[in-house]
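[1] After the sequence you'll find the predicted model.
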Amino acid sequence: MKKILFIVLSICALFTACKIDKPDKDLHRVIFDPGNLKFISTSLNTTTETSSALYGNQEALQSLQSEIHQPKSDSEFKLVTWKYHENPQYIGGTITGELLSVETLKTDKNGKISYQFKDNSKTENNPSNTEERIKYLMSYKPVVRP
Amino acid sequence: MDSVKKKRTAQPIAIAFLAILGIFAILQFFNKPLEGKSIAKKIEAPREVLSILENSCFNCHSNQQNLDWYDKIAPISWAVNKDVERAREVLNFSEWNYSEGEHKGKMYAILNMMQSGKMPLHEYTILHPSAKITQKDIDVIKKYTLSLSNVTPVKNNLKNSHQNIEISKSNESFKYPVSPNGVKYTDDYKNWKVISMSTLFDNSIRVIYGNDIAVKAIETEDFHPWPNGSIVVKSVWKQEKLADGEVRAGEFVNAQFMVKDSKKYTDTEGWGFAKFSGKDLHPTGKTASFAKESCIACHRQLAEKTGYLFDVPMKVNTERLIKNLQK
(Lines give C-alpha, C1' and ligand atoms only; values in the text may rest on other atoms or scores of the structure.)
Protein backbone atom coordinates (compact mmCIF):
# COMPACT_ATOMS: atom_id res chain seq x y z
CA MET A 1 0.00 0.00 0.00
CA LYS A 2 2.78 2.34 0.99
CA LYS A 3 4.56 1.57 -2.25
CA ILE A 4 1.48 2.42 -4.33
CA LEU A 5 1.01 5.66 -2.43
CA PHE A 6 4.67 6.50 -3.00
CA ILE A 7 4.38 5.83 -6.74
CA VAL A 8 1.19 7.90 -7.02
CA LEU A 9 2.81 10.78 -5.12
CA SER A 10 5.93 10.61 -7.30
CA ILE A 11 3.84 10.79 -10.46
CA CYS A 12 1.95 13.79 -9.04
CA ALA A 13 5.28 15.42 -8.26
CA LEU A 14 6.36 14.88 -11.88
CA PHE A 15 3.25 16.63 -13.12
CA THR A 16 3.85 19.66 -10.93
CA ALA A 17 7.38 19.81 -12.34
CA CYS A 18 5.96 20.01 -15.87
CA LYS A 19 3.68 22.87 -14.89
CA ILE A 20 6.59 24.95 -13.70
CA ASP A 21 8.33 24.51 -17.02
CA LYS A 22 5.36 25.65 -19.04
CA PRO A 23 5.89 29.44 -19.20
CA ASP A 24 9.29 28.70 -20.70
CA LYS A 25 7.65 27.02 -23.66
CA ASP A 26 6.70 30.30 -25.31
CA LEU A 27 10.26 31.54 -25.16
CA HIS A 28 12.72 30.79 -27.90
CA ARG A 29 16.32 31.24 -28.86
CA VAL A 30 15.87 33.60 -31.73
CA ILE A 31 18.16 34.52 -34.58
CA PHE A 32 17.25 37.60 -36.57
CA ASP A 33 16.65 36.93 -40.23
CA PRO A 34 17.74 39.99 -42.21
CA GLY A 35 16.53 38.51 -45.51
CA ASN A 36 18.91 39.39 -48.29
CA LEU A 37 20.71 42.03 -46.21
CA LYS A 38 24.13 41.42 -44.73
CA PHE A 39 25.78 42.39 -41.46
CA ILE A 40 27.67 45.67 -41.77
CA SER A 41 28.41 47.03 -38.31
CA THR A 42 27.68 46.90 -34.58
CA SER A 43 27.40 49.19 -31.57
CA LEU A 44 26.94 49.08 -27.83
CA ASN A 45 25.18 51.58 -25.58
CA THR A 46 26.21 51.08 -21.97
CA THR A 47 23.63 53.58 -20.67
CA THR A 48 20.62 51.81 -22.13
CA GLU A 49 22.40 48.42 -21.99
CA THR A 50 21.59 47.74 -25.60
CA SER A 51 23.54 46.35 -28.49
CA SER A 52 22.72 46.87 -32.16
CA ALA A 53 23.51 45.18 -35.43
CA LEU A 54 23.36 47.13 -38.66
CA TYR A 55 22.46 45.21 -41.80
CA GLY A 56 22.29 46.44 -45.35
CA ASN A 57 22.37 45.62 -49.04
CA GLN A 58 25.31 46.31 -51.34
CA GLU A 59 24.19 49.92 -51.95
CA ALA A 60 23.91 50.50 -48.20
CA LEU A 61 27.41 49.15 -47.66
CA GLN A 62 28.76 51.44 -50.39
CA SER A 63 26.95 54.42 -48.86
CA LEU A 64 28.72 53.89 -45.54
CA GLN A 65 32.08 53.24 -47.18
CA SER A 66 31.98 56.54 -49.01
CA GLU A 67 33.17 59.73 -47.40
CA ILE A 68 29.90 61.62 -47.57
CA HIS A 69 27.84 59.07 -45.63
CA GLN A 70 24.64 59.71 -47.56
CA PRO A 71 22.26 56.88 -48.48
CA LYS A 72 22.69 56.00 -52.17
CA SER A 73 19.65 55.25 -54.28
CA ASP A 74 18.16 51.77 -53.88
CA SER A 75 19.86 51.22 -50.56
CA GLU A 76 18.26 49.45 -47.64
CA PHE A 77 19.44 49.49 -44.02
CA LYS A 78 18.12 47.70 -40.96
CA LEU A 79 19.26 48.54 -37.45
CA VAL A 80 18.30 45.76 -35.06
CA THR A 81 18.60 46.57 -31.35
CA TRP A 82 18.75 44.07 -28.50
CA LYS A 83 18.87 44.36 -24.72
CA TYR A 84 22.07 42.85 -23.37
CA HIS A 85 22.68 41.02 -20.10
CA GLU A 86 25.50 39.71 -17.96
CA ASN A 87 26.47 36.48 -19.65
CA PRO A 88 24.85 33.69 -17.57
CA GLN A 89 27.64 31.33 -18.65
CA TYR A 90 30.58 33.62 -18.02
CA ILE A 91 31.19 36.32 -15.41
CA GLY A 92 32.93 39.26 -17.02
CA GLY A 93 30.99 39.12 -20.28
CA THR A 94 27.67 40.31 -21.68
CA ILE A 95 25.40 38.76 -24.30
CA THR A 96 22.39 39.98 -26.25
CA GLY A 97 18.97 39.00 -24.90
CA GLU A 98 15.57 40.47 -25.80
CA LEU A 99 14.98 41.91 -29.24
CA LEU A 100 13.80 45.49 -28.75
CA SER A 101 13.40 47.24 -32.06
CA VAL A 102 14.01 47.19 -35.78
CA GLU A 103 14.57 50.39 -37.74
CA THR A 104 14.42 50.31 -41.51
CA LEU A 105 15.79 52.97 -43.81
CA LYS A 106 15.20 52.68 -47.54
CA THR A 107 15.80 54.85 -50.54
CA ASP A 108 14.08 54.37 -53.87
CA LYS A 109 15.75 54.67 -57.25
CA ASN A 110 15.41 58.44 -57.11
CA GLY A 111 17.05 58.60 -53.70
CA LYS A 112 13.80 59.33 -51.83
CA ILE A 113 14.21 58.26 -48.21
CA SER A 114 11.68 56.35 -46.11
CA TYR A 115 12.23 55.46 -42.48
CA GLN A 116 10.27 53.10 -40.25
CA PHE A 117 10.57 52.31 -36.56
CA LYS A 118 9.16 49.11 -35.05
CA ASP A 119 9.20 47.88 -31.49
CA ASN A 120 7.02 45.42 -29.65
CA SER A 121 4.22 47.90 -29.10
CA LYS A 122 4.04 50.06 -32.16
CA THR A 123 5.03 50.65 -35.72
CA GLU A 124 5.76 54.21 -36.68
CA ASN A 125 6.36 55.28 -40.20
CA ASN A 126 7.14 58.88 -39.39
CA PRO A 127 8.34 59.22 -35.81
CA SER A 128 9.25 62.70 -34.65
CA ASN A 129 12.97 62.05 -34.54
CA THR A 130 13.29 60.64 -38.07
CA GLU A 131 15.96 63.13 -39.15
CA GLU A 132 18.07 62.38 -36.12
CA ARG A 133 17.76 58.63 -36.58
CA ILE A 134 18.73 58.79 -40.25
CA LYS A 135 21.77 60.82 -39.31
CA TYR A 136 22.57 58.29 -36.61
CA LEU A 137 22.23 55.31 -38.95
CA MET A 138 24.48 56.99 -41.46
CA SER A 139 27.15 57.51 -38.79
CA TYR A 140 28.06 53.82 -38.83
CA LYS A 141 31.28 52.66 -40.43
CA PRO A 142 31.47 49.09 -41.77
CA VAL A 143 33.45 46.86 -39.38
CA VAL A 144 36.93 45.74 -40.36
CA ARG A 145 37.18 42.05 -41.24
CA PRO A 146 40.36 41.17 -43.11
CA MET B 1 32.85 -28.08 16.10
CA ASP B 2 31.99 -24.41 15.83
CA SER B 3 35.63 -23.35 15.92
CA VAL B 4 36.43 -25.74 13.07
CA LYS B 5 33.68 -24.14 10.99
CA LYS B 6 34.98 -20.69 11.80
CA LYS B 7 38.46 -21.73 10.81
CA ARG B 8 37.15 -23.10 7.53
CA THR B 9 35.43 -19.81 6.66
CA ALA B 10 38.21 -17.67 8.03
CA GLN B 11 40.85 -19.34 5.91
CA PRO B 12 39.54 -18.23 2.49
CA ILE B 13 39.01 -14.72 3.81
CA ALA B 14 42.57 -14.59 5.03
CA ILE B 15 43.82 -15.93 1.71
CA ALA B 16 41.77 -13.37 -0.20
CA PHE B 17 43.06 -10.60 2.07
CA LEU B 18 46.66 -11.69 1.56
CA ALA B 19 46.09 -11.95 -2.18
CA ILE B 20 44.70 -8.40 -2.33
CA LEU B 21 47.60 -7.19 -0.21
CA GLY B 22 49.96 -8.99 -2.58
CA ILE B 23 48.37 -7.39 -5.64
CA PHE B 24 48.67 -3.97 -4.02
CA ALA B 25 52.31 -4.65 -3.24
CA ILE B 26 52.98 -5.68 -6.85
CA LEU B 27 51.13 -2.61 -8.12
CA GLN B 28 53.57 -0.43 -6.22
CA PHE B 29 56.35 -1.62 -8.52
CA PHE B 30 54.47 0.07 -11.34
CA ASN B 31 53.98 3.23 -9.33
CA LYS B 32 55.88 5.93 -11.13
CA PRO B 33 56.16 8.98 -8.90
CA LEU B 34 54.87 12.28 -10.24
CA GLU B 35 57.46 14.16 -12.22
CA GLY B 36 58.88 16.86 -9.99
CA LYS B 37 59.15 20.27 -11.61
CA SER B 38 60.71 23.45 -10.36
CA ILE B 39 58.79 26.60 -9.70
CA ALA B 40 59.61 28.82 -12.65
CA LYS B 41 57.46 31.82 -11.74
CA LYS B 42 54.79 31.70 -9.07
CA ILE B 43 51.56 33.64 -9.51
CA GLU B 44 51.50 36.99 -7.76
CA ALA B 45 48.29 38.05 -6.04
CA PRO B 46 47.14 39.44 -2.67
CA ARG B 47 47.79 37.17 0.32
CA GLU B 48 44.11 36.20 0.83
CA VAL B 49 43.74 35.25 -2.85
CA LEU B 50 46.94 33.21 -2.84
CA SER B 51 45.96 31.29 0.27
CA ILE B 52 42.69 30.17 -1.35
CA LEU B 53 44.49 29.11 -4.52
CA GLU B 54 47.21 27.33 -2.52
CA ASN B 55 44.69 25.52 -0.40
CA SER B 56 42.24 24.46 -3.10
CA CYS B 57 44.06 24.49 -6.44
CA PHE B 58 47.82 24.14 -6.04
CA ASN B 59 47.81 20.38 -5.41
CA CYS B 60 46.98 19.79 -9.06
CA HIS B 61 47.58 23.13 -10.80
CA SER B 62 51.16 23.79 -9.72
CA ASN B 63 54.59 22.27 -9.26
CA GLN B 64 54.10 22.44 -5.50
CA GLN B 65 52.23 19.23 -4.72
CA ASN B 66 51.38 18.51 -1.13
CA LEU B 67 49.73 15.14 -1.64
CA ASP B 68 48.32 12.91 1.05
CA TRP B 69 49.90 9.47 1.60
CA TYR B 70 46.96 7.68 -0.04
CA ASP B 71 47.38 9.78 -3.18
CA LYS B 72 50.77 8.18 -3.66
CA ILE B 73 49.63 4.55 -3.54
CA ALA B 74 48.83 2.74 -6.79
CA PRO B 75 46.22 2.54 -8.25
CA ILE B 76 45.00 5.86 -6.73
CA SER B 77 48.32 7.46 -7.65
CA TRP B 78 47.74 6.65 -11.32
CA ALA B 79 44.52 8.66 -11.35
CA VAL B 80 46.08 11.44 -9.27
CA ASN B 81 49.16 11.70 -11.49
CA LYS B 82 47.04 11.79 -14.62
CA ASP B 83 44.83 14.52 -13.16
CA VAL B 84 47.81 16.58 -12.05
CA GLU B 85 49.51 16.33 -15.43
CA ARG B 86 46.34 17.37 -17.23
CA ALA B 87 45.69 20.15 -14.72
CA ARG B 88 49.21 21.53 -15.16
CA GLU B 89 48.78 21.54 -18.92
CA VAL B 90 45.75 23.77 -18.65
CA LEU B 91 46.79 26.04 -15.79
CA ASN B 92 49.99 26.02 -13.76
CA PHE B 93 50.41 28.53 -10.94
CA SER B 94 54.13 27.74 -10.81
CA GLU B 95 54.69 28.70 -14.44
CA TRP B 96 52.89 32.00 -14.48
CA ASN B 97 54.63 33.72 -17.35
CA TYR B 98 51.75 35.93 -18.27
CA SER B 99 51.23 39.53 -19.19
CA GLU B 100 48.92 41.68 -17.11
CA GLY B 101 46.07 41.07 -19.54
CA GLU B 102 46.64 37.33 -19.66
CA HIS B 103 46.74 37.22 -15.86
CA LYS B 104 43.38 38.94 -15.81
CA GLY B 105 41.98 36.46 -18.35
CA LYS B 106 43.19 33.51 -16.28
CA MET B 107 41.69 34.99 -13.10
CA TYR B 108 38.32 35.37 -14.83
CA ALA B 109 38.51 31.74 -15.95
CA ILE B 110 39.32 30.66 -12.38
CA LEU B 111 36.46 32.75 -10.98
CA ASN B 112 34.01 31.26 -13.47
CA MET B 113 35.14 27.72 -12.74
CA MET B 114 34.70 28.28 -8.99
CA GLN B 115 31.40 30.13 -9.26
CA SER B 116 29.88 27.40 -11.41
CA GLY B 117 31.01 24.75 -8.93
CA LYS B 118 33.15 23.00 -11.53
CA MET B 119 36.40 23.50 -9.64
CA PRO B 120 37.84 22.14 -7.44
CA LEU B 121 36.65 18.81 -8.85
CA HIS B 122 33.99 17.06 -6.81
CA GLU B 123 35.94 13.79 -6.94
CA TYR B 124 38.88 15.61 -5.45
CA THR B 125 37.06 17.34 -2.60
CA ILE B 126 35.43 14.07 -1.48
CA LEU B 127 38.88 12.74 -0.60
CA HIS B 128 40.27 16.18 0.33
CA PRO B 129 37.47 18.02 2.16
CA SER B 130 39.83 20.77 3.28
CA ALA B 131 40.16 21.88 -0.35
CA LYS B 132 36.47 22.73 -0.64
CA ILE B 133 35.77 26.38 -1.35
CA THR B 134 33.09 28.46 0.35
CA GLN B 135 31.01 31.31 -1.02
CA LYS B 136 33.26 33.60 1.00
CA ASP B 137 36.30 32.29 -0.87
CA ILE B 138 34.56 32.87 -4.20
CA ASP B 139 33.71 36.42 -3.10
CA VAL B 140 37.38 37.08 -2.34
CA ILE B 141 38.41 35.78 -5.78
CA LYS B 142 35.62 37.78 -7.43
CA LYS B 143 36.50 41.01 -5.69
CA TYR B 144 40.12 40.66 -6.73
CA THR B 145 39.31 39.65 -10.31
CA LEU B 146 36.87 42.51 -10.84
CA SER B 147 39.41 44.92 -9.36
CA LEU B 148 41.78 43.94 -12.17
CA SER B 149 39.28 45.36 -14.64
CA ASN B 150 38.57 48.52 -12.70
CA VAL B 151 42.10 49.51 -11.81
CA THR B 152 43.68 48.85 -15.15
CA PRO B 153 42.93 51.63 -17.58
CA VAL B 154 41.73 50.67 -21.03
CA LYS B 155 44.89 49.50 -22.64
CA ASN B 156 45.05 48.63 -26.23
CA ASN B 157 47.45 45.78 -25.77
CA LEU B 158 45.38 43.84 -23.23
CA LYS B 159 45.38 40.17 -23.94
CA ASN B 160 43.41 37.27 -22.57
CA SER B 161 43.27 33.58 -23.25
CA HIS B 162 41.13 34.29 -26.28
CA GLN B 163 43.48 36.76 -27.77
CA ASN B 164 46.91 35.33 -27.71
CA ILE B 165 48.43 32.12 -26.43
CA GLU B 166 51.24 30.95 -28.62
CA ILE B 167 51.26 32.04 -32.13
CA SER B 168 53.01 30.07 -34.78
CA LYS B 169 54.34 31.77 -37.83
CA SER B 170 52.41 30.41 -40.72
CA ASN B 171 53.55 30.31 -44.27
CA GLU B 172 50.09 29.49 -45.52
CA SER B 173 48.73 31.64 -48.29
CA PHE B 174 47.30 34.90 -47.00
CA LYS B 175 43.82 34.31 -48.23
CA TYR B 176 43.04 31.04 -46.47
CA PRO B 177 45.18 30.37 -43.42
CA VAL B 178 44.80 26.97 -41.73
CA SER B 179 44.96 26.23 -38.01
CA PRO B 180 47.42 23.48 -36.90
CA ASN B 181 44.43 21.21 -36.20
CA GLY B 182 43.18 21.55 -39.77
CA VAL B 183 40.45 24.16 -39.28
CA LYS B 184 40.48 26.36 -42.38
CA TYR B 185 39.73 30.05 -42.36
CA THR B 186 36.87 30.98 -44.64
CA ASP B 187 35.40 34.29 -45.67
CA ASP B 188 31.95 32.73 -45.95
CA TYR B 189 30.98 33.79 -42.44
CA LYS B 190 30.53 37.36 -43.68
CA ASN B 191 27.38 36.13 -45.40
CA TRP B 192 26.05 34.11 -42.45
CA LYS B 193 23.39 35.16 -39.96
CA VAL B 194 24.43 36.87 -36.74
CA ILE B 195 23.46 34.60 -33.86
CA SER B 196 24.42 36.91 -30.99
CA MET B 197 26.63 39.80 -29.93
CA SER B 198 28.78 39.94 -26.82
CA THR B 199 31.47 41.79 -24.90
CA LEU B 200 34.23 40.65 -22.59
CA PHE B 201 36.11 42.15 -19.64
CA ASP B 202 39.05 42.90 -21.91
CA ASN B 203 37.11 45.77 -23.54
CA SER B 204 36.38 43.89 -26.68
CA ILE B 205 33.17 43.78 -28.70
CA ARG B 206 32.18 40.59 -30.48
CA VAL B 207 29.78 39.43 -33.15
CA ILE B 208 28.99 35.73 -33.52
CA TYR B 209 27.82 34.22 -36.83
CA GLY B 210 26.55 30.73 -37.60
CA ASN B 211 26.30 28.77 -40.85
CA ASP B 212 22.91 27.33 -41.86
CA ILE B 213 23.47 24.07 -39.98
CA ALA B 214 24.36 25.93 -36.77
CA VAL B 215 21.44 28.37 -37.12
CA LYS B 216 19.00 25.50 -37.57
CA ALA B 217 20.48 23.68 -34.57
CA ILE B 218 19.94 26.76 -32.38
CA GLU B 219 16.39 27.38 -33.60
CA THR B 220 15.41 23.77 -32.95
CA GLU B 221 17.51 23.47 -29.76
CA ASP B 222 19.29 20.54 -31.35
CA PHE B 223 22.70 20.96 -29.82
CA HIS B 224 23.21 17.87 -27.66
CA PRO B 225 25.32 17.15 -29.61
CA TRP B 226 25.61 19.82 -32.31
CA PRO B 227 25.17 18.36 -35.79
CA ASN B 228 28.36 17.74 -37.73
CA GLY B 229 29.12 20.52 -40.16
CA SER B 230 28.02 23.28 -37.76
CA ILE B 231 30.40 26.23 -37.92
CA VAL B 232 30.31 29.21 -35.61
CA VAL B 233 32.61 32.20 -36.07
CA LYS B 234 33.19 35.07 -33.69
CA SER B 235 34.81 38.28 -34.83
CA VAL B 236 36.48 40.29 -32.11
CA TRP B 237 37.31 44.00 -32.19
CA LYS B 238 38.66 46.47 -29.69
CA GLN B 239 35.99 48.77 -28.31
CA GLU B 240 36.08 52.29 -29.72
CA LYS B 241 34.28 54.91 -27.66
CA LEU B 242 32.50 57.77 -29.39
CA ALA B 243 32.19 61.21 -27.83
CA ASP B 244 28.65 60.48 -26.61
CA GLY B 245 29.77 57.29 -24.88
CA GLU B 246 28.48 54.88 -27.49
CA VAL B 247 30.80 52.00 -28.27
CA ARG B 248 31.63 50.88 -31.80
CA ALA B 249 33.83 48.13 -33.19
CA GLY B 250 37.38 49.46 -33.59
CA GLU B 251 40.53 47.65 -34.58
CA PHE B 252 40.11 44.02 -35.64
CA VAL B 253 41.59 41.60 -33.11
CA ASN B 254 40.80 38.11 -34.33
CA ALA B 255 38.28 35.69 -35.81
CA GLN B 256 37.57 32.60 -33.72
CA PHE B 257 36.21 29.47 -35.34
CA MET B 258 34.48 26.41 -33.93
CA VAL B 259 33.88 23.64 -36.45
CA LYS B 260 31.87 20.56 -35.49
CA ASP B 261 33.32 17.25 -36.70
CA SER B 262 32.80 14.54 -34.11
CA LYS B 263 35.10 12.08 -35.88
CA LYS B 264 38.03 14.43 -36.37
CA TYR B 265 38.09 16.32 -33.08
CA THR B 266 37.57 13.53 -30.56
CA ASP B 267 39.76 15.14 -27.86
CA THR B 268 37.79 18.37 -27.78
CA GLU B 269 34.16 17.20 -27.60
CA GLY B 270 33.92 17.07 -31.39
CA TRP B 271 34.74 20.75 -31.88
CA GLY B 272 37.70 21.97 -33.90
CA PHE B 273 38.88 25.30 -32.47
CA ALA B 274 40.84 27.93 -34.35
CA LYS B 275 41.81 31.54 -33.93
CA PHE B 276 43.09 33.79 -36.70
CA SER B 277 44.56 37.02 -35.41
CA GLY B 278 45.56 40.38 -36.78
CA LYS B 279 45.47 41.70 -40.30
CA ASP B 280 47.43 38.70 -41.56
CA LEU B 281 45.02 36.31 -39.79
CA HIS B 282 47.84 34.25 -38.35
CA PRO B 283 46.58 31.05 -36.74
CA THR B 284 47.05 30.29 -33.03
CA GLY B 285 48.70 27.08 -31.84
CA LYS B 286 51.95 25.23 -32.34
CA THR B 287 50.61 21.71 -32.53
CA ALA B 288 47.35 20.11 -33.63
CA SER B 289 46.44 19.53 -29.99
CA PHE B 290 46.71 23.17 -28.87
CA ALA B 291 42.98 23.45 -28.13
CA LYS B 292 43.16 20.47 -25.80
CA GLU B 293 45.42 22.45 -23.50
CA SER B 294 43.60 25.75 -23.75
CA CYS B 295 40.17 26.30 -25.33
CA ILE B 296 38.29 23.17 -24.38
CA ALA B 297 38.99 23.38 -20.63
CA CYS B 298 36.64 26.35 -20.18
CA HIS B 299 34.17 25.33 -22.88
CA ARG B 300 33.84 21.84 -21.41
CA GLN B 301 33.23 22.99 -17.87
CA LEU B 302 31.18 26.14 -18.37
CA ALA B 303 29.28 25.70 -21.64
CA GLU B 304 28.19 22.09 -21.38
CA LYS B 305 24.52 23.10 -21.29
CA THR B 306 24.77 24.60 -24.75
CA GLY B 307 26.87 21.85 -26.30
CA TYR B 308 30.24 23.39 -25.29
CA LEU B 309 29.57 26.59 -27.19
CA PHE B 310 29.38 29.96 -25.46
CA ASP B 311 27.16 32.76 -26.77
CA VAL B 312 24.24 30.66 -27.93
CA PRO B 313 21.30 33.15 -27.97
CA MET B 314 19.41 33.39 -24.68
CA LYS B 315 15.97 31.84 -24.47
CA VAL B 316 14.14 35.08 -23.78
CA ASN B 317 12.14 36.02 -26.88
CA THR B 318 8.65 35.07 -28.01
CA GLU B 319 8.11 33.92 -31.55
CA ARG B 320 5.16 36.26 -32.06
CA LEU B 321 7.27 39.32 -31.28
CA ILE B 322 10.04 38.21 -33.60
CA LYS B 323 7.66 37.54 -36.46
CA ASN B 324 6.11 40.92 -35.98
CA LEU B 325 9.45 42.74 -35.91
CA GLN B 326 10.99 40.76 -38.73
CA LYS B 327 8.17 41.45 -41.18
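    Right, received. Where do you want to start?
[2] switch to C-alpha atoms for all contacts and neighbour counts from now on
    Fine.
[3] Run through the residues of chain A sitting next to chain B.
    Within reach of chain B by Cα under 8 Å from any Cα of the partner chain, chain A has these residues: A:26-34, A:38-39, A:41-46, A:51, A:89-99, A:101-102, A:118-120, A:143-146.
[4] try 6 Å
    For chain A, the contact set with chain B under Cα under 6 Å from any Cα of the partner chain comprises A:26-29, A:31, A:43-45, A:92-98, A:144, A:146.
[5] all helices of chain B, in order?
    With helices called from DSSP state H, chain B shows them at B:2-29, B:47-56, B:76-90, B:100-115, B:122-127, B:135-151, B:212-219, B:290-293, B:295-302, B:319-326.
[6] so can I have TSV of these showing distance to chain A and mean neighbour count?
    As requested, those are exported to TSV (distance: least, Cα to the nearest Cα, whole Å; neighbours: other Cα atoms under 10 Å in any protein chain shown):
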stretch	distance to chain A	mean neighbour count
helix B:2-29	39	11
helix B:47-56	18	17
helix B:76-90	18	17
helix B:100-115	6	21
helix B:122-127	20	12
helix B:135-151	8	16
helix B:212-219	6	18
helix B:290-293	19	18
helix B:295-302	6	19
helix B:319-326	6	15
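[7] In TSV: those helices, plus distance to B:Asn66.
    As requested, the helices of chain B are arranged in TSV below (distance: least, Cα to Cα, whole Å):
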stretch	distance to B:Asn66
helix B:2-29	20
helix B:47-56	10
helix B:76-90	12
helix B:100-115	20
helix B:122-127	14
helix B:135-151	20
helix B:212-219	45
helix B:290-293	23
helix B:295-302	24
helix B:319-326	55
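[8] Turn those into TSV, columns for mean pLDDT.
    Converted to TSV, the helices of chain B look like this (pLDDT from 0 to 100):
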stretch	mean pLDDT
helix B:2-29	77
helix B:47-56	92
helix B:76-90	85
helix B:100-115	92
helix B:122-127	89
helix B:135-151	88
helix B:212-219	96
helix B:290-293	86
helix B:295-302	89
helix B:319-326	81
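[9] which of the residues of chain A next to chain B count as buried?
    Neighbour-count burial (16 or more other Cα atoms under 10 Å in any protein chain shown) applied to the residues of chain A next to chain B gives A:28-29, A:31, A:43-45, A:92-98, A:144.
[10] got the residue ranges for the strands in chain A?
    A:27-29, A:38-45, A:50-56, A:76-86, A:93-107, A:113-119, A:123-124 (DSSP state E).
[11] Buried deepest among these, which one?
    A comparison of the strands of chain A by mean neighbour count, using mean count of other Cα atoms under 10 Å in any protein chain shown, puts strand A:50-56 on top with a mean of 24.
[12] so that strand versus strand A:93-107, what angle?
    If you take axes from the mean of the first three to the mean of the last three Cα atoms, to 10 degrees, strand A:50-56 sits at 40 degrees to strand A:93-107.
[13] strands paired with strand A:50-56, and their directions?
    strand A:38-45 (antiparallel), strand A:76-86 (antiparallel) (DSSP bridges).
[14] chain center to that strand, what's the gap?
    7 Å (Cα atoms, centre = their mean, to the nearest Å).
[15] Get me the contact residues on the stretch 151-300 of chain B for chain A.
    So far as Cα under 6 Å from any Cα goes, the stretch 151-300 of chain B lies against chain A at B:195, B:197-201, B:246-248, B:252, B:279.
[16] circling back: and the strands of chain A, which one's lowest on average pLDDT?
    Mean pLDDT is lowest for strand A:123-124 among those, at a mean of 78.
[17] Give me the contacts around that one.
    If you take Cα atoms under 6 Å, 6 or more residues apart in numbering or on different chains as the criterion, strand A:123-124 is touched by A:116-117.
[18] what about 10 Å?
    A:101-103, A:115-118, B:324-325 (Cα atoms under 10 Å, 6 or more residues apart in numbering or on different chains).
[19] Tell me the neighbouring strands of that strand, and mark each as parallel or antiparallel.
    strand A:113-119 (antiparallel).
[20] What distance do you get for B:Tyr189 to B:Phe257?
    Using Cα to Cα, to the nearest Å, B:Tyr189 is found at 10 Å from B:Phe257.
[21] shared neighbours of those two, anything?
    Between them, B:Tyr189 and B:Phe257 share the contacting residues B:208-210, B:231-235, judged by Cα under 10 Å, 6+ apart.
[22] In strands, which of the residues you listed fall?
    Those of those lying in strands (DSSP E): B:208-210, B:231-235.
[23] and the residue nearest to A:Pro71 when sequence neighbours are not counted, what does it touch?
    Nearest residue to A:Pro71, sequence neighbours excluded (Cα to Cα, 6 or more residues apart in numbering or on different chains): A:Ser63, at 5.3 Å. With contact set as Cα under 10 Å, 6+ apart, A:Ser63 has these partners: A:56-57, A:69-73, A:75, A:138, A:141-142.
[24] Take these and keep only those in helices.
    Short answer: these have none in helices (DSSP H).
[25] Would you mind giving me the PyMOL syntax to select the buried ones in these?
    The buried residues among these can be selected in PyMOL (16+ other Cα under 10 Å) with this line:
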select buried, chain A and resi 56+57+69+70+71+72+73+75+138+141+142
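[26] quick one: least confident of the contacts of A:Ser63?
    Within these, lowest confidence goes to A:His69 (82).
[27] Relative to chain B, how far out is it?
    17 Å (Cα to the nearest Cα, to the nearest Å).
[28] Hmm, that residue is touching A:Glu59, no?
    No - with contacts counted by Cα atoms under 10 Å, A:His69 stays clear of A:Glu59, the gap being 11.7 Å.
[29] Please dump the residues of the stretch 151-300 of chain B next to chain A into TSV; it should also carry neighbour count and pLDDT for every row.
    Formatted as TSV, these follow (neighbours: other Cα atoms under 10 Å in any protein chain shown; pLDDT from 0 to 100):
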residue	neighbour count	pLDDT
B:Ile195	25	97
B:Met197	27	97
B:Ser198	22	97
B:Thr199	24	96
B:Leu200	19	94
B:Phe201	18	92
B:Glu246	16	96
B:Val247	20	97
B:Arg248	24	97
B:Phe252	20	97
B:Lys279	14	91
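[30] what's the farthest-apart pair in those residues?
    B:Glu246 and B:Lys279 (25.0 Å; Cα to Cα).
[31] residues in contact with the closest residue to A:Gly93 other than its chain neighbours?
    With Cα to Cα, 6+ apart as the criterion, A:Gly93 has its nearest non-adjacent residue at 4.3 Å, and that residue is B:Leu200. Neighbouring residues of B:Leu200 by Cα under 10 Å, 6+ apart: A:86-87, A:90-95, B:105, B:160, B:206, B:236.
[32] Columns distance to A:Ile4 on top of the residues you listed, output as TSV?
    Output for the contacts of B:Leu200, formatted as TSV (distance: Cα to Cα, whole Å):
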residue	distance to A:Ile4
A:Glu86	46
A:Asn87	45
A:Tyr90	45
A:Ile91	46
A:Gly92	50
A:Gly93	50
A:Thr94	49
A:Ile95	48
B:Gly105	55
B:Asn160	57
B:Arg206	56
B:Val236	59
